[in-house]
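Chemist: Mind looking at a prediction? Sequence and model below.
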Amino acid sequence: MPGSMPASRSRPGSCSAASRKLSSLNIKEPKLRQKSSSRYQSVLKLAFLLLMSAGLSACATLSWYGQAISGHLDLLARRELIADLIERPDTDPELARRLALVLEIRRYAAEELGLPESRSYRHYADLERDAAVWNVVAVAPDSFQARRWCYPISGCVNMRAFFDRERAQAKARGLAEQGLDVAVFPAVAYSTLGWFSDPVLNTMLAWDDARLAAFLFHELAHEKLFVPGDLAFNEAYAVTVERFGVRRWLQHYGQPGLLADWERGRADAAVLVELLLAARADLSELYRQAPDAGQLQAAKQARFAQLQSDLAGAAAERDSRLLASWSERRLNNAHLVMTATYEAGVAAFEALLAACGQAIDCFHQRAAELAAVDAELRREFLQASD
């Protein structure tokens, strides 16, 4: 279970309450048989990050950092070496097969995709839940201006991650009470950008082999290149690497049926993204016109109703569970912001990959050059394909 924070009689947002929470974390002893120095290094890194965060954040956010550190240390405590698990006679055969596949995917990522041969994904952790974290996104109701939170390593981004579903939902309720459009997105993968030895999680193994490879390629791409504070650039780059890598990996090593399933899933996802981004474009124009509150709300509701009708129609036409599930959600600006964050810049990176003749080393080099330029130039690059 996730690390828990002790209750406090003080006001939840007060400095004294947050400080006591941080000083009394209930952290389990790591199961992994590793050198003590390695364990201490992890704790020292976390202490360093906390000191940095204290300078960046108001005291009310120390409570959030407390749950983040507690959750991360609980995750580390659950790690077991994949190589050891594969050799153990009591390991479930299917789990052993999937873990062996993880090592093969890591090897392919380093040798064929130019991704880091890092310490990550040499371990496995069972979190005993169906998501690694839950990301809360909050957006203005009459624009696509998202609430941003700042972190020591990743910079300022438009999401707040929680290791506990109830905490995430409570945060979402509070933001919704402020009049914001809010959504909670479960995430099955988790990365510290190479600062720690990130494990493969049970949440990642719940998916098929192609999606497992996609998770690993995506997260290793973040370790390869990451621009603090530029979530749209980072995600578009990682999504492009992920899709290129999975297609190549399946063509060379996967079964034909798995590749066909992957391509069908990608086609459904492309339809989903097209419909969501079209709605975002229409609503962006509506918000730009700034009609009175009543007119805006009526037009906004009508466009979201059209979106859900379009999704339902596409789901029936394509017999797609993905599209059907989205047609049943109560969608708002937060869903459209996250879609744009992950998808709007992918076409620009795919064009860059094509300009490199599908040579992945050239692509990484050109992406690194873009990462070094001014943020406005990166935005222009991402929007060039719109």
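Modeler: Yep, that arrived.
Chemist: now Arg266, what's its secondary structure?
Modeler: helix (DSSP: H, G, I helix; E, B strand; the rest coil).
Chemist: The residue nearest to it when sequence neighbours are not counted: neighbouring residues, count only.
Modeler: With sequence-adjacent residues excluded and distances taken as Cβ to Cβ, 6 or more residues apart in numbering, Arg266 is closest to Arg243, at 7.2 Å. From N, CA and C alone the C-beta is placed, and that goes for glycine too. Per other Cβ atoms under 10 Å, the neighbour tally for Arg243 reads 20.
Chemist: does Arg243 belong to a helix or a strand, and which?
Modeler: Using DSSP states H and E, Arg243 maps to helix 231-253.
Chemist: pLDDT on that helix, on average?
Modeler: Averaged over helix 231-253, pLDDT sits at 96.
Chemist: Quick one: list the elements packing against it.
Modeler: For helix 231-253, the elements it packs on are helix 93-112, helix 209-224, helix 256-289, helix 333-343, helix 346-355, helix 360-371, helix 375-383, judged by 3 or more Cβ pairs under 8 Å, 6 or more residues apart in numbering; DSSP states H and E.
Chemist: and the last one, what other elements does it pack with?
Modeler: When you say that, I think you mean helix 375-383. Against helix 375-383 (3+ Cβ pairs under 8 Å, 6+ apart) you get helix 231-253, helix 346-355, helix 360-371.
Chemist: what bridges to Phe162?
Modeler: Trp134 (DSSP bridges).
Chemist: quick one, what contacts it?
Modeler: Phe162 makes contacts with 64, 67, 71, 133-136, 168, 171, as judged by Cβ atoms under 8 Å, 6 or more residues apart in numbering.
Chemist: could these go into CSV alongside pLDDT?
Modeler: Listed next are the contacts of Phe162 as CSV, based on pLDDT from 0 to 100:
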residue, pLDDT
Trp64, 86
Gln67, 89
Gly71, 93
Val133, 96
Trp134, 97
Asn135, 97
Val136, 98
Ala168, 97
Lys171, 97
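Chemist: which one of those sits closest to Ala290?
Modeler: Nearest to Ala290 among the contacts of Phe162 is Val136, at 27.1 Å by Cβ to Cβ.
Chemist: and that closest one, which of the three is it?
Modeler: Val136 ends up strand, using three-state DSSP.
Chemist: The nearest residue to it once chain neighbours are set aside and Phe233, how far apart?
Modeler: Closest residue in space to Val136, ignoring its immediate chain neighbours: Arg160 at 4.6 Å, by Cβ to Cβ, 6+ apart. Arg160 sits 20 Å away from Phe233, going by Cβ to Cβ, to the nearest Å.
Chemist: Residue ranges in the stretch 251-386 of the chain under the pLDDT threshold?
Modeler: 385-386 (pLDDT under 70).
Chemist: can you list the contacts of Phe162 in a markdown table and add neighbour count?
Modeler: Putting these into a markdown table (neighbours: other Cβ atoms under 10 Å) gives the following:
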| residue | neighbour count |
| --- | --- |
| Trp64 | 19 |
| Gln67 | 21 |
| Gly71 | 23 |
| Val133 | 26 |
| Trp134 | 23 |
| Asn135 | 18 |
| Val136 | 26 |
| Ala168 | 21 |
| Lys171 | 18 |
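Chemist: The residues you listed into JSON lines, with extra columns for distance to Val346?
Modeler: Formatted as JSON lines, the contacts of Phe162 follow (distance: Cβ to Cβ, whole Å):
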{"residue": "Trp64", "distance to Val346": "30"}
{"residue": "Gln67", "distance to Val346": "32"}
{"residue": "Gly71", "distance to Val346": "30"}
{"residue": "Val133", "distance to Val346": "23"}
{"residue": "Trp134", "distance to Val346": "24"}
{"residue": "Asn135", "distance to Val346": "19"}
{"residue": "Val136", "distance to Val346": "24"}
{"residue": "Ala168", "distance to Val346": "26"}
{"residue": "Lys171", "distance to Val346": "29"}
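Chemist: Fine by me, thanks again.
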